[in-house]
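Participant: Quick one: sequence and predicted model below, then my questions.
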Protein chains: 2
Amino acid sequence: MQYPKSVNRLIDSYMKLPGIGEKTATRLAFFTIDMDNEDVQEFAASLQAIKQELHYCHICGNITDVEPCDICQSASRNQQQILVVEQPKDVMAMEKMQSYNGLYQVLGGVLSPVNGVGPDELQIKHLLERLKQNTDLKEVIVATNATPEGEATAMYLAKLIKPSGIKVTRLAHGLAVGADIEYADQMTLQRAVEGRQPI
Amino acid sequence: MQYPKSVNRLIDSYMKLPGIGEKTATRLAFFTIDMDNEDVQEFAASLQAIKQELHYCHICGNITDVEPCDICQSASRNQQQILVVEQPKDVMAMEKMQSYNGLYQVLGGVLSPVNGVGPDELQIKHLLERLKQNTDLKEVIVATNATPEGEATAMYLAKLIKPSGIKVTRLAHGLAVGADIEYADQMTLQRAVEGRQPI
């Protein structure tokens, strides 16, 4: 005997999620069978809602359920700064920090020739267009990740934007707060020394 | 800024699954946003289907999408044996083995006074009723887990069933196939010695 059809179907669905193999998917499916009907219906409805209600803001590329998104709409945000990130998740992280009050641009990834991602696959043209239209703009903060691809993308953006006279900055690299020097990797330590600040 | 409402809603749903905390749920929710619409709709539909199509067989208590379940319906199964397990998952494990051809009874758990599970919370009365009605029955194989609660439940069942003259057996305890004696725990080794077989 095999599992009933609907169990197999749910196992297949769970297996599409990252980091979930057949064993875990089976465990989750059986757990789902025992869950409250209400919770399962809410789960299904929330899955449908996320595809129906969410889309990418046509200005900054962040995920949103209103158009344009809350940040692009807000008059209280500083219109002189744009912070460029790879993914919508990075916007969330920045917003959690609660100390940046400017605008955002989500690139949708980083330049990665190996994976076939060139400038046209990212929101780079759109960013340049925004820079042209927004004459108040003073600074572009490039907050791509500290990976080789992220660094290359930052350099590429800097080269494109600098001629227009807009200041381009990059997030500081260095020791994480609370980190031990003893355990820091060489690259991080090197960057921390290079970027040392007067006290 | 918080996540859009529909993202929070999906995170909450993912967090109801076992072993998934806020961080993993957030990661899964953002992964879901990027999934094909088709896959997400199928996921939602399979969640709804599992609650609509599945139920417990009124005879053996196994999960099924037909009534009674395939095993209870089948004329080719040996009607003289009933194998008693804790959970529907245990039925699946037994069926995978492909060498047992009798009937099943799912108890729905084990006796556990600490957790408030007494005989009335399990399908014990129902099992005794089946034994009474099925006059062909020769053997009840108790396949509860090898935990203290599982053992106690097995003893309890044996005490109830034996007076009716039906043979009650218990799965053998011993070394797992492929296991090293060196690494076996004391209890397992003791059971293996006690249950030694002539060769």
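Facilitator: Good, I have the coordinates.

Participant: Against chain B, how distant is the residue nearest the centre of chain A?
Facilitator: The centroid of chain A falls nearest to A:Q87 when counting by Cα atoms, centre = their mean (2.0 Å). As judged by Cβ to the nearest Cβ, to the nearest Å, A:Q87 and chain B stand 8 Å apart. To be clear about C-beta, it is placed using only N, CA and C from the backbone, and glycine gets the same treatment.

Participant: try A:L122
Facilitator: Noted for A:L122: a distance of 15 Å to chain B, by Cβ to the nearest Cβ.

Participant: if I pick the residue lying closest to that residue once chain neighbours are set aside, what's in contact with it?
Facilitator: Spatial nearest neighbour of A:L122, chain neighbours left out: A:L107 (4.5 Å); criterion: Cβ to Cβ, 6 or more residues apart in numbering or on different chains. Counting by Cβ atoms under 8 Å, 6 or more residues apart in numbering or on different chains, A:L107 touches A:G61, A:V84, A:V85, A:E86, A:L122, A:Q123, A:I124, A:L127, A:T144, A:T153.

Participant: Which parts of chain A are helices?
Facilitator: A:5-15, A:22-34, A:37-53, A:70-73, A:88-97, A:124-133, A:148-161, A:186-194 (DSSP state H).

Participant: Comparing those, which comes out most buried?
Facilitator: helix A:5-15 (a mean of 20; mean count of other Cβ atoms under 10 Å in any protein chain shown).

Participant: what does that one rub up against?
Facilitator: Residues outside helix A:5-15 that contact it (Cβ under 8 Å, 6+ apart): A:2-3, A:20-22, A:24-26, A:28-30, A:32-33, B:39, B:42-43, B:46-47, B:49-50, B:53-54, B:63, B:65.

Participant: switch the cut-off to 10 Å
Facilitator: A:2-3, A:20-30, A:32-33, A:40, A:47, B:17, B:39-40, B:42-54, B:63, B:65, B:88, B:92 (Cβ atoms under 10 Å, 6 or more residues apart in numbering or on different chains).

Participant: same thing with stretch A:119-126?
Facilitator: Contact with stretch A:119-126 is made by A:56, A:58-61, A:84, A:86, A:105-112, A:115, A:118, A:129-130, A:153, A:156-157, A:160-161, as judged by Cβ under 10 Å, 6+ apart.

Participant: I'd like the distance from it to the chain centre, please.
Facilitator: In terms of Cα atoms, centre = their mean, to the nearest Å, the centre of stretch A:119-126 is found 15 Å from the chain centre.

Participant: just the CA coordinates of that stretch, formatted as PDB?
Facilitator: Extracted C-alpha coordinates of stretch A:119-126, given in PDB (Å, rounded to 0.1, in the frame of the first residue of the first chain):
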ATOM      1  CA  PRO A 119      23.200  44.400 -16.100                       C
ATOM      2  CA  ASP A 120      20.000  43.900 -18.100                       C
ATOM      3  CA  GLU A 121      18.700  41.300 -15.700                       C
ATOM      4  CA  LEU A 122      18.900  43.700 -12.800                       C
ATOM      5  CA  GLN A 123      17.000  47.000 -12.100                       C
ATOM      6  CA  ILE A 124      20.100  49.000 -13.100                       C
ATOM      7  CA  LYS A 125      18.600  51.000 -16.000                       C
ATOM      8  CA  HIS A 126      15.600  51.700 -13.900                       C
END
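
Participant: Next, the buried residues of stretch A:103-117.
Facilitator: Applying a neighbour-count criterion of 16 or more other Cβ atoms under 10 Å in any protein chain shown, one finds A:L103, A:Y104, A:Q105, A:V106, A:L107, A:G108, A:G109, A:V110, A:L111, A:S112, A:V117 buried in stretch A:103-117.

Participant: Show me which pair in those is furthest apart.
Facilitator: Using Cβ to Cβ, the pair of the buried residues of stretch A:103-117 lying farthest apart is A:L103 and A:S112, separated by 25.2 Å.

Participant: before we move on, the earlier item: same list, the contacts of A:L107, but as TSV with pLDDT please.
Facilitator: Listed next are these as TSV, based on pLDDT from 0 to 100:
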residue	pLDDT
A:G61	92
A:V84	95
A:V85	94
A:E86	94
A:L122	93
A:Q123	93
A:I124	93
A:L127	94
A:T144	93
A:T153	94
